[in-house]
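**Student:** Using only what follows, build the 3D model:
(one chain, ligands or ions: 1)
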Amino acid sequence: MGGFVITGVPDRQTKFEGKITFYLVICAVIAATGGLMFGYDIGISGGVTSMDSFLLKFFPSVYYKKKHAKEDNYCKYDDHKLQLFTSSLYLAALVSCFFASAMCRRFGRKLTIQISSVFFFIGVILNVRANDLHMLIAGRILLGIGVGFANQAVPLFLSEIAPFHIRGGLNILFQLNITIGILVANVVNYYASKSLLYGWKFSLGLAGVPALILCIGSFLITETPTSLIQHGRSADGLEVLKKIRGTHNVEAEFQEILQASEAASLVERPFMSIFRRSSFPQLVIGSLLQFFQQFTGINAIMFYAPVLFEAIGFKSHASLLSAVAIGTVNLIGSVVSLLAVDKVGRKLLLLEGCLQMFLSMAAIGAVLVANGQQNQPLDNDSAMGVVMFAALFVSGFAWSWGPLAWLIPSEIFPLETRTAGYAVAVSSNMLFTFVIAQIYLSMLCRMRAGVFFFFSMWIAIMGIFVAVFLPETKNIPMDEMVARVWKKHWYWKRYMDDGTRSLKMEALYDAYSY
Ligand code: BGC
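**Tutor:** Residues are numbered from 1 along each chain as shown. Next up is the predicted model:
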């Protein structure tokens, strides 16, 4: 593929040259495996918590309830300690991404990625050797720190090395790896629960594989040009830029990163500056996208798919198999997104996703309401209906809110607030994931089918938000977002002249507008 010149933007042309080089692809593919660790964990938790050997060892009361109590289907897994097993990881990730942000800024994206794999690996060892609940939770916390570091550094890394015209697709490699991780975990759970006495050890132990891949692979990747330039290594940054773009003609892009980095160096405390008025739009959008992503109800399906399917009357192995089917749909959906996002844009995908998810969540609720009896399995047709609508829901999520909630916050902040702003977005994601993981089983128990209508309501609200407030960022270089997106947006432009930027910084930003 040759160089590219984007035209059709009314006020300027972007003339950056670059090819999709082999080295760029290698770096992106390796870094994106950070998503495997996150995805594997999401997929493994639900399956492990429905394995008898695991429950018997760590949660005997849940095991007893599951086996002997004749209580209704919606409530048999409602147990706070069990929910803590799933959600402790997210609490750790929530806190750790702030440390990861400081690390990204001071020591670079690459080292942060390497450290993430080390934490994750130690967490896996603790999990496999766990003798009691404390050790199990300690392992989960280390896994969480690994996830926090990876989720902070990997999407930023991908967005920064990408040529702007394929930034969306390259960034979505992260989500693609999340979905591969979830699917592999579902398959592992299926076999581990069927044929192994200590299936849970095997399932939790295999999480070490993605951590190893990332750790070894990370020695082959580059630091991003932006990060090198920001650390005063402009000559190295220029060389890396030439290498990943496959051309010597990178002066325009290099100059733009240099200017952004000069502006960034004027900011001494990035965490304070994300709270100034001109960072408000990015901060609100970055955090709200995470809240909305989680309130689609995706993790009600992802974490608890096996539990959910069992709760509505599938037998244990059949429920894991349905979760595998859903994992496959999830993976295919993110490939669709990867191919479409830089052509149709972010907004259209998000809006289509909302429509599809709204209808399918409401349909699941309707099927369950129609089958009102709580302690009877669903009849075959209704059970198939639930699986089909869940698959429809997941495909809608997979090409919209799944990848885009990671992509958009990684591209909308100017360099001076990028790592800090992105940390707020990542921690919001972890916070709301934690909230859903912590309350979902209790919600299912109390609200029953109503929980699915609850999620549809949120999906409708987020669709309206996107239509009215979200600017399109397709094909805009990251360091031009302020001038070309925020200063032009009908609503957010009012936050852009807050007078708190230094004159020098303003001059630098204005230079981008021409
Ligand atoms: C979300 C996860 C979710 C996964 C499903 C990710 O983007 O952050 O919470 O489980 O997608 O594929």
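
**Student:** Which one of the residues in the stretch 201-350 of the chain is closest to the ligand?
**Tutor:** residue 302 (4.1 Å; C-beta to the nearest ligand atom). In short, each C-beta sits where N, CA and C put it, glycine included.

**Student:** My guess is residue 454 contacts residue 444. True?
**Tutor:** No. Contact criterion C-beta atoms under 8 Å: residue 454 and residue 444 do not qualify, at 10.5 Å.

**Student:** Between these two, tell me which one has more neighbours.
**Tutor:** Between residue 454 and residue 444, residue 444 has the larger neighbour count (other C-beta atoms under 10 Å), namely 24 against 15.

**Student:** how about whichever strand or helix holds that one: buried residues?
**Tutor:** Here residue 444 sits within helix 415-447, counting by DSSP states H and E. Within helix 415-447, the residues scored as buried using 16 or more other C-beta atoms under 10 Å are 415-438, 440-445.

**Student:** cool, stretch 385-399 as well?
**Tutor:** 385-387, 389-399.

**Student:** Ok, stretch 95-109 next?
**Tutor:** 96-105, 108-109.

**Student:** which stretches of the protein form strands?
**Tutor:** Secondary structure of the chain (DSSP state E): no strands located.

**Student:** With adjacent residues omitted, what lies nearest to the most centrally placed residue in the chain?
**Tutor:** Geometric centre of the chain, nearest residue: residue 406, 5.1 Å, by C-alpha atoms, centre = their mean. Leaving aside its chain neighbours, residue 406 sits nearest to residue 155 (4.8 Å; criterion: C-beta to C-beta, 6 or more residues apart in numbering).

**Student:** For residue 245, see how far away that neighbour is.
**Tutor:** 20 Å (C-beta to C-beta, to the nearest Å).

**Student:** Give me the more crowded residue out of the two.
**Tutor:** Neighbour totals were compared for residue 155 and residue 245, and residue 155 leads with 30 against 24 (other C-beta under 10 Å).

**Student:** Pretty sure residue 413 is one of the things the more buried one touches, is it not?
**Tutor:** No. In this structure, residue 155 is not within contact of residue 413 by C-beta under 8 Å, at 11.9 Å.

**Student:** between the two, what contacts are shared?
**Tutor:** residue 422 (C-beta atoms under 8 Å, 6 or more residues apart in numbering).

**Student:** got the contact list for whichever residue of the stretch 401-514 of the chain sits closest to the ligand?
**Tutor:** Using C-beta to the nearest ligand atom, the single residue of the stretch 401-514 of the chain nearest to the ligand is residue 402, 4.1 Å away. The contact partners of residue 402, by C-beta under 8 Å, 6+ apart, come to 175, 178-179, 293, 298, 330, 333-334, 337.

**Student:** By neighbours, which of the residues you listed wins?
**Tutor:** Counting neighbours by other C-beta under 10 Å, residue 178 comes out on top of the contacts of residue 402 with 31 neighbours.

**Student:** Contact residues of the stretch 351-500 of the chain facing the ligand?
**Tutor:** 402, 429, 433 (C-beta under 6 Å from any ligand atom).

**Student:** Ok, the chain next?
**Tutor:** 42, 175, 178-179, 182, 293, 298-299, 302, 330, 402, 429, 433.

**Student:** can you redo those as CSV with pLDDT?
**Tutor:** What follows is the residues of the chain next to the ligand, written out as CSV (pLDDT from 0 to 100):
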residue, pLDDT
42, 88
175, 96
178, 97
179, 97
182, 93
293, 97
298, 94
299, 86
302, 78
330, 95
402, 97
429, 95
433, 91
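
**Student:** between those residues, which is closest to residue 238?
**Tutor:** Of all the residues of the chain next to the ligand, residue 238 sits closest to residue 175, with 30.7 Å by C-beta to C-beta.

**Student:** residues touching the closest one, list them.
**Tutor:** 35, 334, 337, 398, 402-403, 406-407.

**Student:** The same query, at a cut-off of 7 Å, please.
**Tutor:** Residues in contact with residue 175 (C-beta atoms under 7 Å, 6 or more residues apart in numbering) are 35, 334, 402-403, 406.

**Student:** Just the pLDDT for the residue lying closest to it once chain neighbours are set aside.
**Tutor:** Nearest non-adjacent residue to residue 175, counting by C-beta to C-beta, 6+ apart: residue 403, 3.7 Å away. What the model reports as pLDDT for residue 403 is 97.

**Student:** so how many other residues sit close to residue 403?
**Tutor:** 32.

**Student:** which ones are touching it?
**Tutor:** With C-beta under 7 Å, 6+ apart, residue 403 has these contacts: 172, 175, 334, 337.

**Student:** Pick out the most distant pair among those.
**Tutor:** 175 and 337 (7.2 Å).

**Student:** one step back: mind checking which of the buried residues of stretch 385-399 land in helices?
**Tutor:** 385-387, 389-398 (DSSP state H).

**Student:** Would you mind giving the residues you listed as TSV with pLDDT and distance to residue 148 added?
**Tutor:** Formatted as TSV, those follow (pLDDT from 0 to 100; distance: C-beta to C-beta, whole Å):
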residue	pLDDT	distance to residue 148
385	87	38
386	86	33
387	85	33
389	93	33
390	92	28
391	92	30
392	96	32
393	97	27
394	96	25
395	97	28
396	98	27
397	98	22
398	97	23
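
**Student:** Relative to residue 167, which of those residues is nearest.
**Tutor:** In terms of C-beta to C-beta, no member of these lies closer to residue 167 than residue 398, at 19.1 Å.

**Student:** Could I get the contacting residues of that closest one?
**Tutor:** So residue 398 contacts 179, 330, 333-334, 337 (C-beta under 7 Å, 6+ apart).

**Student:** Nearest to residue 277, out of the ones in helices among the buried residues of stretch 385-399: which one, please.
**Tutor:** Closest to residue 277, out of all of these and judged by C-beta to C-beta, is residue 397, at 33.2 Å.

**Student:** tell me what the helix holding residue 444 is packed against?
**Tutor:** helix 80-107, helix 133-161, helix 251-265, helix 270-273, helix 280-294, helix 298-302, helix 401-412, helix 450-469 (3 or more C-beta pairs under 7 Å, 6 or more residues apart in numbering; DSSP states H and E).

**Student:** Sketch out the low-pLDDT regions of this protein for me.
**Tutor:** For the chain, applying pLDDT under 70 flags the ranges 1-15, 69-78, 270, 303-304, 306-308, 311-313, 316, 373-377, 498-514.
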